[in-house]
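Peer 1: Build me a model:
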Amino acid sequence: MLRLGFKIKVLFLQKKQVINYTIYENKNNDQWVTFVHGAGGSSSIWFKQIRDFKKQYNVLLLDLRGHGESKPTLKTAFKQKYTFSALANDILEVLDFLKIKKSHFVGISLGTILIRQLAEMYPERVQSMILGGAILKMNFRSQVLMRLGNMFKYVLPYLVLYKFFAFVIMPKKSHKQSRVLFINEAKKLYQKEFIKWFKLTAEINPVLKWFRQVELNIPTLYVMGEEDYMFLPSVRKVVENHYKSSKLFVIQNCGHVVNVEQPNAFNDAVLSFMNTAR
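Peer 2: All right, here's what the predicted structure looks like:
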């Protein structure tokens, strides 16, 4: 008989930083899967995954700093500088608090960078990596976007910039659901919070270059939409070079946010992969 625990939601205070998380317990399995959303999103973007994944695994959803219900405290709102290492350590501290020794990780967009950063720092904690809409290289168009964002981040309301980025990354009519979802989630951010996250772009190129060069001995599945024109080409090249550990699954008629646009194909591919990586 399948025994599923109810949803538990807690605020976890760590280093004066509040991180909100939700867990779904499965008493029939001791394995965990941790979901990491992208910049401007929240754990709510995984609503099309929860039902399928909680049937087989214990599920951990979390809101990254300043996103969803993870609101900054007054002391940290103005002082903290964000780095990929610090954000990866946020995830680790939640795992430690919950006594999760090892987990599968599923990420989308910028969340894939944090998962890979965590795997670099603590490979023994990562059972497998599923990287949806993975970012491994900033092409010319994305480099221009970053420069425009840096020029106008103190001038324009962040939501104007975010909407512009969303339309460039997810331009097609069929991508509308993903655009609307991310824009609505981004409305919950504060201007200063957006600027902190945007400043991460200053360190993104050397980080991504290292990820492309170094193959980790961790089972990795890239799940990409065939219409993700900004990021799919670089992922194809990396998978060719990292053939020992990595596989690529391309979803047809799909853009950047694969878990929202094609949830059934995404769920089936990811669960199948995770079951072989146990």
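
Peer 1: Go ahead and flag the most central residue of the protein.
Peer 2: When C-alpha atoms, centre = their mean is applied to the chain, the residue found nearest the centroid is residue 111 (2.1 Å).

Peer 1: is it true that residue 68 touches residue 43?
Peer 2: Yes - shown here, residue 68 and residue 43 form a contact pair, counting by C-beta atoms under 8 Å, at 5.7 Å. For the C-beta atoms, the positions are set from N, CA and C on the backbone; glycine is no exception.

Peer 1: what touches both of those two?
Peer 2: Contact with both residue 68 and residue 43 is made by residues residue 20, according to C-beta atoms under 8 Å, 6 or more residues apart in numbering.

Peer 1: what about the residue nearest to the centre of the chain, which SS state?
Peer 2: Three-state call for residue 111 (DSSP: H, G, I helix; E, B strand; the rest coil): helix.

Peer 1: hang on, isn't it packed against residue 42?
Peer 2: No - the criterion here is C-beta under 8 Å, and residue 111 misses it with residue 42 at 10.9 Å.

Peer 1: what bridges to residue 58?
Peer 2: residue 32 (DSSP bridges).

Peer 1: Please look at it and residue 34 and confirm they touch.
Peer 2: No - using C-beta under 8 Å, residue 58 is not in contact with residue 34, being 9.5 Å away.

Peer 1: right, and the helix or strand after the worst-scoring helix or strand of the chain on mean pLDDT?
Peer 2: For the chain, scoring each helix and strand by mean pLDDT, DSSP states H and E identifies helix 74-77 as the least confident one, at a mean of 52. Tracing the chain past helix 74-77, the next element assigned as helix or strand by DSSP states H and E is helix 84-97.

Peer 1: Tell me which residues of that following helix come out buried.
Peer 2: Residues 84, 87, 88, 89, 90, 91, 94, 95 are the ones in helix 84-97 that count as buried (16 or more other C-beta atoms under 10 Å).

Peer 1: quick one: the fifth one from residue 184, how far?
Peer 2: So the one you mean is residue 90. 23 Å (C-beta to C-beta, to the nearest Å).

Peer 1: for the first one, same thing?
Peer 2: With distances defined as C-beta to C-beta, the gap from residue 84 to residue 184 amounts to 26 Å.

Peer 1: related to what we said a few turns ago, the closest residue to the residue nearest to the centre of the chain other than its chain neighbours: what's it in contact with?
Peer 2: Counting by C-beta to C-beta, 6 or more residues apart in numbering, residue 111 lies nearest to residue 36, which is 3.7 Å off, once chain neighbours are set aside. The neighbours of residue 36, taking C-beta under 8 Å, 6+ apart as the test, are 62, 64, 91, 105, 106, 107, 108, 111, 112, 114, 115.

Peer 1: residue ranges for the strands of this structure, please.
Peer 2: 4-14, 17-26, 32-36, 58-62, 103-108, 126-132, 220-225, 246-251 (DSSP state E).

Peer 1: Out of those strands, flag the one nearest residue 264.
Peer 2: strand 246-251 (9.9 Å; C-beta to C-beta).

Peer 1: what pairs with that closest one, and is each one parallel or antiparallel?
Peer 2: strand 220-225 (parallel).

Peer 1: Strand 103-108 and the strand it pairs with, what's the angle between them?
Peer 2: Per axes from the mean of the first three to the mean of the last three C-alpha atoms, to 10 degrees, the angle that strand 220-225 makes with strand 103-108 is 20 degrees.

Peer 1: tell me the angle strand 220-225 makes with strand 126-132.
Peer 2: Angle, strand 220-225 to strand 126-132, by the same axes, to 10 degrees: 10 degrees.

Peer 1: now strand 220-225: mean pLDDT?
Peer 2: Average pLDDT, strand 220-225: 97.

Peer 1: what's the spacing between that strand and its chain's center?
Peer 2: Relative to the mean C-alpha coordinate of its chain, strand 220-225 is positioned 12 Å out (C-alpha atoms, centre = their mean, to the nearest Å).

Peer 1: mind checking how far the residue lying closest to residue 257 once chain neighbours are set aside is from residue 254?
Peer 2: Residue nearest to residue 257 in three dimensions, not counting chain neighbours: residue 178, with 3.8 Å by C-beta to C-beta, 6+ apart. Going from residue 178 to residue 254 by C-beta to C-beta gives 10 Å.
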